[in-house]
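Undergrad: Sharing a sequence plus its predicted fold:
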Amino acid sequence: MPAETATRADVLADVPHEPGAPKPDPIVVVDGMRKAFGGLIAVDVEHLEIQRGVITALIGPNGAGKTTFFNLLTGFDSPDTGHAVFDGQAIDGYRPYQLAGLGMVRTFQLTKSLTKLSVIENMKLGAKGQRGERFLPSLFTPLWRRQEEEIEERAMELLRRFQLDHMRDEYAGTLSGGQRKLLEMARALMVEPKLIMLDEPMAGVNPALTQSLLEHVKRLPAEEGATVVFVEHDMDVVRDISDWVVVMAEGKIIAEGPHSSIGQNQAVIDAYLGAHHDAPLDPEQEDEWLREDRLELGDVPPLREEP
Amino acid sequence: MTGIDWGFILNQTLARSLDLNAAVYALAAVGLNVHFGYAGLLNFGQVGFVAVGAYGMGLAITLWQTGPFVAVLMGIGFAVVFALLLGIPTLRLRADYLAIVTIAAAEIVRLLARSTALRNVTRGAEGLNEFIGPFRELSPFNPSLLYGIGPFQYRGSQFFAIVIGWVVTLLTLLLVWQLMRSPWGRVVKAIREDEDAARALGKNAYWYKLQALILGGVIGGLAGMVLAIGNATIQPDFFVAPLTFFFWLVLILGGVGRVWSPVVGSIIFWALITFVRNLGRAMVNEGLIPTSIMDTSQVDQIQFWIVGVALALLMVFRPQGIFGSREEMALDAR
Ligand SMILES: Nc1ncnc2c1ncn2[C@@H]1O[C@H](COP(=O)(O)OP(=O)(O)O)[C@@H](O)[C@H]1O
Ligand SMILES: [Mg+2]
């Protein structure tokens, strides 16, 4: 795996550490995307490219617009203005199910396990192109039984990897919070995504499960060939698994770069700590801050009301 | 005083529990079960689908002189169009929009059917009658004979519709059972629980909800056709709003989201109503209930109170219905 990580990081070696930096092989390109709720501009992204095959972390204080940005990209909300291209295709106005069909799959900040379906049914729901999902063919079991078996096999494989196979016939509602996050991620993988967007996948997961969840995310590019974008507040996690970090504040992209470059970035410090912080932090100081949990980024309230 | 004739009351109770109305209510509730039990759609105007199905079939014969089978197809077609009219504008919106629109639409159908403007078409409050000829010709039963076994005796004139009603009901149960064990059913159940989760996984929630609305509506339409054939008439004022709530009652009695529950619910509903009505009448006749408190005509109103109380008790002691799963109910609370 280290070799893999090395090559992943290499791809981005020449990319400048600045907002909107062009990437060698972007899977997502966003231009001029804006969304306002009443007077509040929730998202205002001038230009953003997301590199294919790597893990990109999207960080920023609460209310920065990360979830809204996810919603805009995945068709759950529509931007006031702006364009997005996914995998070479313009996707403006696409609906969520169409985007999932193209290979863009998301999870939600608040877990959406379907509690009254069993774990295995949750998984099978994710599979694409099911013949039995069309009304007339669904009436004739022979038309979809074979495909159903194949899907079930794939689902079981994933469940084993996510250590949920012993729960296969339980209602998903009986799983713990962490197990639900695992299930939601595994279910998203059933779609065979090219891009998987995880909104706070570690939130509310107990520490014992966090590590295994992280390992799964880390392996997604290599094992599933998926590009990963995830929202996370814990800087340790970001450092551990991301190849690239994008920082949002007040709807804008304010910084980009590998995690090592983010801590010293003045704009980021301003966004998290208040606008008029003067002394730049060196990496050691930054680590100090992090260890003391002072930069548990999510816990800092948005600072837009600063004079 | 001859005492209460328990044999008669029991006979009546059994006979009515499988009678035309029981089949019609069961069928209408199967449709509601598809809507609410599986797809989570709030349809408070199922009686509208029942009416539209009946009128579609009736008008096909009275206006266009079609044969009975084409007429049934017309009834189905009317129900499909009605579902599209209700569903297309509302199913992208929050669930309550459909609820509001269905209540109103069902009432509009009834008022349109009895309106003087459409007098030449629907015959106003009088309703349609001449459509019955072709169905009488199809019936193998002699209208003046009694058919059935034991307490279950029905006049030949209605027996045809009763048989058709229950056969169609069983066929729709089979259909629902197959659908709900298929991947189609999985998507629909997922949408009922969390539409966004289903959409994020590539399912076109809108289209599935529309399909479910059409399917449940057509089943409601079939109920209307069975009713029309059985009663040999289609009258607008039969299709009043409270009927929808009896269909709901039947569904909830049996247990929402279970294949068999509409049938069991309907049989119990009609048995209960008949038992209470006949016992009440007998008690008034026997002087056990003084006429100063209640006369026989008032018994017919009291029966619904008692059914209401029974339903309330059911909700207290078995909120999941007779067939429902308590385990599943408990998951809601988490
Ligand atoms: N549907 C909405 N209506 C009004 N305001 C919203 C809505 N969704 C988000 N917002 C606001 O937009 C801003 C960005 O929110 P969000 O995208 O959830 O931030 P993040 O995920 O980064 O914490 C917040 O100020 C939030 O209150
Ligand atoms: Mg968020």
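TA: Looks like it arrived, so ask away. Numbers count the residues shown, from 1 in each chain, chains lettered A, B, ... in the order given. Ligands and ions are numbered 1, 2, ... in the order given.
Undergrad: which residues touch whichever residue of the stretch 101-250 of chain B sits closest to ligand 1?
TA: Nearest residue of the stretch 101-250 of chain B to ligand 1: residue B:196, at 13.2 Å (C-beta to the nearest ligand atom). Where C-beta positions appear, they are placed from N, C-alpha and C, glycine not excepted. Contacts of residue B:196 were listed using C-beta atoms under 8 Å, 6 or more residues apart in numbering or on different chains, and they are A:76, A:96, A:108, A:112.
Undergrad: Do you have the strands of the stretch 201-334 of chain B handy? List them.
TA: Using DSSP state E, counting those that start in this stretch, no strands are found in the stretch 201-334 of chain B.
Undergrad: My error: substitute the stretch 51-200 of chain A in the last question.
TA: Counting by DSSP E, counting those that start in this stretch, the strands of the stretch 51-200 of chain A are A:55-59, A:81-86, A:89-90, A:104-106, A:195-199.
Undergrad: Packing partners of the fourth one?
TA: Right, the one you point to is strand A:104-106. In terms of contacts (3 or more C-beta pairs under 8 Å, 6 or more residues apart in numbering or on different chains; DSSP states H and E), strand A:104-106 is packed against strand A:195-199.
Undergrad: buried stuff in the helix ranked longest in chain A?
TA: For chain A, the longest helix by residue count, based on DSSP state H, is helix A:141-161. Buried residues in helix A:141-161, counted by 16 or more other C-beta atoms under 10 Å in any protein chain shown: A:144, A:147-148, A:151-152, A:154-155, A:158-159.
Undergrad: Show me which of those residues is closest to residue A:241.
TA: Nearest to residue A:241 among the buried residues of helix A:141-161, counting by C-beta to C-beta, is residue A:158 at 19.3 Å.
Undergrad: For the closest one, give me its contacts.
TA: A:123, A:186, A:189-190.
Undergrad: picking up where we left off before, filter the contacts of residue B:196 down to the buried ones, PyMOL style.
TA: A single PyMOL command suffices to select whichever of those are buried according to 16+ other C-beta under 10 Å:
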select buried, chain A and resi 76+96+108+112
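Undergrad: Hmm, which of the contacts of residue B:196 is lowest in pLDDT?
TA: For these, the weakest pLDDT value sits at residue A:112, with 87.
Undergrad: how about the nearest residue to it, chain neighbours excluded?
TA: Setting aside the residues directly before and after it, residue A:112 is nearest to residue B:197 in space (C-beta to C-beta, 6 or more residues apart in numbering or on different chains), at 3.8 Å.
Undergrad: Just give the number of residues close to that neighbour.
TA: 24 (other C-beta atoms under 10 Å in any protein chain shown).
Undergrad: again, but for residue A:64
TA: Residue A:64, neighbours per other C-beta under 10 Å, totals 27.
Undergrad: Show me where the stretch 201-307 of chain A dips below the pLDDT cut-off.
TA: A:273-307 (pLDDT under 70).
Undergrad: Distance of residue A:68 relative to residue B:205?
TA: Using C-beta to C-beta, to the nearest Å, residue A:68 is found at 21 Å from residue B:205.
Undergrad: and the host helix or strand of residue B:105, what does it pack onto?
TA: Using DSSP states H and E, residue B:105 falls within helix B:95-114. Packing partners of helix B:95-114 (3+ C-beta pairs under 8 Å, 6+ apart): helix B:46-64, helix B:68-90, helix B:119-122, helix B:241-254.
Undergrad: Any idea which of the ones you listed gets closest to chain A?
TA: Of all the helices and strands packed on helix B:95-114, helix B:68-90 sits nearest to chain A, with 12.9 Å by C-beta to the nearest C-beta.
Undergrad: So the closest one, near chain A or not?
TA: No. Using C-beta under 8 Å from any C-beta of the partner chain, we find that helix B:68-90 stays clear of chain A, coming within 12.9 Å at best.
Undergrad: didn't the residue nearest to residue A:112 look like it was pressed against residue A:115?
TA: No. In this structure, residue B:197 is not within contact of residue A:115 by C-beta atoms under 8 Å, at 10.4 Å.
Undergrad: Could I get the contacting residues of residue A:268?
TA: By C-beta under 8 Å, 6+ apart, the contact list for residue A:268 reads A:247, A:249, A:254-255, A:262.
Undergrad: nearest to ligand 2, of the residues you listed?
TA: residue A:249 (13.3 Å; C-beta to the ion).
Undergrad: Run a quick neighbour tally on that closest one.
TA: By other C-beta under 10 Å, the residues close to residue A:249 number 22.
Undergrad: any idea how far it lies from residue A:124?
TA: Counting by C-beta to C-beta, the gap from residue A:249 to residue A:124 is 40 Å.
Undergrad: ok, now residue B:215?
TA: On the measure of C-beta to C-beta, residue B:215 and residue A:124 end up 22 Å apart.
Undergrad: Tell me which of those two has more neighbours.
TA: Legend: neighbour count by other C-beta under 10 Å for residue B:215 and residue A:124, higher for residue B:215 (25 against 21).
Undergrad: If I look at the more buried one, what pLDDT would I see?
TA: 98.
Undergrad: give the contact list for it.
TA: By C-beta under 8 Å, 6+ apart, the contact set of residue B:215 is B:31, B:34, B:179.
Undergrad: Okay, and which of these map to helices?
TA: B:31, B:179.
Undergrad: Tell me the one of the contacts of residue B:215 nearest chain A?
TA: Using C-beta to the nearest C-beta, residue B:179 is the member of the contacts of residue B:215 that lies nearest chain A, at 6.0 Å.
Undergrad: Now name the helix or strand holding the closest residue in space to the closest one that isn't next to it in sequence.
TA: The shortest distance from residue B:179 to any non-neighbouring residue, by C-beta to C-beta, 6+ apart, is to residue B:185 (5.0 Å). Element membership for residue B:185 (DSSP H and E) is helix B:183-193.
Undergrad: Any idea how far that helix is from the middle of the chain?
TA: With C-alpha atoms, centre = their mean, to the nearest Å as the basis, helix B:183-193 stands 23 Å off its chain's centre.
Undergrad: helices or strands next to it in the packing?
TA: Short answer (3+ C-beta pairs under 8 Å, 6+ apart): helix B:183-193 packs on helix A:119-125, helix A:135-138, helix B:156-181, helix B:195-200, helix B:205-231.
Undergrad: can you do 6 Å?
TA: Applying 3 or more C-beta pairs under 6 Å, 6 or more residues apart in numbering or on different chains; DSSP states H and E, we find helix B:183-193 packed against helix A:119-125, helix B:205-231.
Undergrad: how about the CA coordinates for that helix, as PDB?
TA: Output of helix B:183-193 as PDB, limited to C-alpha atoms (Å, rounded to 0.1, in the frame of the first residue of the first chain):
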ATOM      1  CA  PRO B 183     -36.000  -5.900  -6.800                       C
ATOM      2  CA  TRP B 184     -38.900  -3.500  -7.800                       C
ATOM      3  CA  GLY B 185     -40.400  -4.000  -4.400                       C
ATOM      4  CA  ARG B 186     -37.000  -3.400  -2.800                       C
ATOM      5  CA  VAL B 187     -36.700   0.000  -4.500                       C
ATOM      6  CA  VAL B 188     -40.300   1.000  -3.500                       C
ATOM      7  CA  LYS B 189     -39.800   0.000   0.100                       C
ATOM      8  CA  ALA B 190     -36.500   1.900   0.200                       C
ATOM      9  CA  ILE B 191     -38.200   5.000  -1.200                       C
ATOM     10  CA  ARG B 192     -40.900   4.700   1.500                       C
ATOM     11  CA  GLU B 193     -38.200   4.800   4.100                       C
END
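Undergrad: buried ones in that helix?
TA: Those buried within helix B:183-193 under the rule 16+ other C-beta under 10 Å are B:183-193.
Undergrad: can you check stretch B:120-129 too?
TA: Burial within stretch B:120-129, assessed by neighbour count using 16+ other C-beta under 10 Å, is assigned to B:122-124, B:127-129.
Undergrad: which residue packs closest to the residue nearest the centre of chain B, ignoring adjacent ones?
TA: The structure's chain B has its C-alpha centroid closest to residue B:28; by C-alpha atoms, centre = their mean the separation is 2.6 Å. Counting by C-beta to C-beta, 6+ apart, residue B:223 is the residue found nearest to residue B:28 once chain neighbours are left out, at 4.1 Å.
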